[in-house]
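Engineer: Sequence first, predicted coordinates after that:
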Amino acid sequence: MSLPSVDNQGCRFLAFGLCCLPFGISATSQALAGHLLVSRPNDCSVFTLILAALSSGILGFCAGALVTIRDGFGPLVDRRDQAGFGAIARGKLFAAIGILLTLSMVALILASEDKLCQNLILWGATLAFILIYSFVARMSVLAGLIQGCAFALGVSSHGRYEGEYWWYLPAAAAPIVVYVVFQDSLSGLEISSNRKGLLIRITGMIFAALMGATWLPIWYIVADEYLTSRAFEPSLVSKTVQSLLETWAVPYPAILVSFLLVGWIIWRVRRIRDLSGVCQFRRDGLISIILLDSAFVSSDTACVFQGLVLSFLFIPAAVLSLWGRSVQIAPEVAQDKG
């Protein structure tokens, strides 16, 4: 068995980083969405926003790295030298992951101000979900919880909701969790024998994409009614329904971004031909979460501009994803000599 050359090995490390990048981008988008949703132009700290996004993004990148290592580096090496490259790479990669996790915690501490304990609990929960997902049980629900925790970190880093109300906005992230659960469940799906399973998962993603523009206004009304009454009463249901009929409204930009995401999902599904296409669609789905976050934030009438700004992150993220796809091919094509 021949070990990869230095040049080829360097190419593979680059491909490894680009392969993990969508995980980091999606987690960064969650933290940005959570922070922007609770902040207002007059009380938004750019420094805190950047640090919170950096902390979540590094966590997401580490999640992608651990999953890729667990999968045996996937398409980054060919079968001839997979064991040789793995033996060389694992030690270096685990050391790098440890350094990145330390940087993530430091960034979170700097962003926390007076909410350090709450934020560290969320950070620890996120890391625990990542480790369980990577090495114990690859459950799609865990993938959804990881993204939900990244969103909660963005909310918590702002510190607007305290005490018993800290759950108010993180619990509203249901569309994000649902979208990621269906998107992650595409892993390993063989469409030739399970087209019904593919249809169910795509339908779930489309449903979550539409929820992105409509769920938050509903949640505001339902949660406000509950917080006002302080207890569940039979009349609470009728009051909530009446409030929904009277005040529920969704900003048009949120609807536009939501339908843009639905259109992207349908367009990508039509290009799926085999298992490789399913895997690529699942990977691209991590990038498309940016559009879901944009629709989600824009559905708050006070955050329409912030949500639209967030949607522009989709363009550079998509470019990086395409670049990563091209770089990953190179190590497979190149054959080691000797």
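Structural biologist: Yes, it's here. Numbers count the residues shown, from 1 in each chain.
Engineer: where does the stretch 151-300 of the chain have low pLDDT?
Structural biologist: 159-170, 188-194, 224-248 (pLDDT under 70).
Engineer: quick one: the helices in it?
Structural biologist: In the stretch 151-300 of the chain, the segments counted as helices under DSSP state H, counting those that start in this stretch are 174-184, 195-229, 234-247, 252-269, 275-298.
Engineer: So Ile130, which state does it fall into?
Structural biologist: Put simply, Ile130 is helix when judged by DSSP: H, G, I helix; E, B strand; the rest coil.
Engineer: How about the contacts made by the residue nearest to Gly285 when sequence neighbours are not counted?
Structural biologist: Excluding the flanking residues, the one nearest Gly285 by Cβ to Cβ, 6 or more residues apart in numbering is Gln183, at 4.1 Å. C-beta: built from backbone N, CA, C; applies to glycine. The contact partners of Gln183, by Cβ atoms under 8 Å, 6 or more residues apart in numbering, come to 143, 201, 205, 282, 285-286, 289.
Engineer: avg pLDDT for the helix or strand where Cys20 lies?
Structural biologist: Taking DSSP states H and E as the criterion, Cys20 maps to helix 6-38. Averaging pLDDT along helix 6-38 gives 78.
Engineer: relative orientation of it and helix 275-298 in degrees?
Structural biologist: Angle, helix 6-38 to helix 275-298, by axes from the mean of the first three to the mean of the last three Cα atoms, to 10 degrees: 30 degrees.
Engineer: helices and strands around the very next helix or strand once past helix 6-38, which ones?
Structural biologist: Next along the chain after helix 6-38, taking DSSP H and E as the criterion, comes helix 46-70. Helix 46-70 makes packing contacts with helix 6-38, helix 82-112, helix 116-135, helix 140-158 when contacts are defined by 3 or more Cβ pairs under 8 Å, 6 or more residues apart in numbering; DSSP states H and E.
Engineer: chain center to the last one, what's the gap?
Structural biologist: On the basis of Cα atoms, centre = their mean, to the nearest Å, helix 140-158 is displaced by 8 Å from the centre of the chain it belongs to.
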